[in-house]
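> Sequence isn't available, so here's the structure alone:
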């Protein structure tokens, strides 16, 4: 396959892989990388302490206390967190069923890594497999992005149920990084497909064509030589 199409595909996959790795690590290891973030104007209670901000990552939630200290719960995959208002008269629970699906992000990143390795081959069959694996990674990333949207919607709804709480739910860095990763994977897969189609068209045009000259009108009246 032409390197003019392989190189852009490799670049797209490289960018998607880097974003996928960062997104898969997220909280608590990367404090600025989270999917959903809730800002509390008047502070709320969680785990026995007041907080002004709550962030959701793949492996743990982290909250900022009123004194500015950051605390990440040591929960791992599929965590849950209880949030109460300042007077502890009402509480909501973000259950593990809404955060367990965030583990799809590392799975999509692993598939992206496989597509990235296959993209360096110049063999037509291997590059085709790389394109298919890229589309598979894009499909998994789409599922992960849908899970992110569901988590955002649920958190927004639950925070709104707390009385006397000024909570503003926002999407954060990892949310939009997932969306960009999805676009990059689609571009990578399409680039390889277009390159393969161009190679087929150029190969078909290279076949020798037999020349044929249409006989003239007067040649019909000429005598054939014996």
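That came through fine. Remember, predicted model here, so these are calculated numbers, not experimental data. Residues are numbered from 1 along each chain as shown.
> Could you pull up the mean pLDDT of the helix or strand containing residue 190?
In the assignment (DSSP states H and E), residue 190 maps to helix 173-205. For helix 173-205, the mean pLDDT works out to 77.
> what's the longest helix in the protein?
The longest helix of the chain (DSSP state H) is helix 124-160.
> Give the other helices and strands that that helix contacts.
Other helices and strands packing on helix 124-160, by 3 or more CB pairs under 8 Å, 6 or more residues apart in numbering; DSSP states H and E, are helix 3-25, strand 36-46, strand 91-94, helix 96-99, helix 104-118, strand 167-171, helix 173-205. C-beta coordinates here come from the backbone N, C-alpha and C atoms, glycine included.
> Contacts only, for the closest residue to residue 10 other than its chain neighbours.
The spatial neighbour of residue 10 that comes closest, neighbours along the chain excluded (CB to CB, 6 or more residues apart in numbering), is residue 119 at 4.9 Å. For residue 119, the contact set (CB atoms under 8 Å, 6 or more residues apart in numbering) comprises 6, 9, 10, 13, 127, 130, 134, 188, 192.
> what do you get for residue 65?
Counting by CB under 8 Å, 6+ apart, residue 65 makes contact with 49, 50, 51, 52, 71.
> Return the distance of it relative to residue 71.
7 Å (CB to CB, to the nearest Å).
> residues near residue 164, how many?
Counted with other CB atoms under 10 Å, residues neighbouring residue 164 total 11.
> per-residue confidence at it?
Note for residue 164: predicted pLDDT of 81.
> Wasn't it part of a strand?
No: Residue 164 is assigned coil when assessed by DSSP: H, G, I helix; E, B strand; the rest coil, not a strand.
> pLDDT wise, what is the residue nearest to it when sequence neighbours are not counted at?
Closest residue in space to residue 164, ignoring its immediate chain neighbours: residue 85 at 5.6 Å, by CB to CB, 6+ apart. pLDDT recorded at residue 85 is 81.
> again with the one 10 residues further on
On pLDDT, residue 95 comes in at 92.
> Quick one: residues contacting the closest residue to it other than its chain neighbours.
In space, and not counting its chain neighbours, residue 95 is closest to residue 80: 4.8 Å by CB to CB, 6+ apart. Contact analysis of residue 80 by CB under 8 Å, 6+ apart lists 93, 94, 95, 96, 99.
> My read is that the second one contacts residue 154, right?
What that stands for is residue 94. Yes: using CB atoms under 8 Å, residue 94 makes contact with residue 154 at a distance of 7.1 Å.
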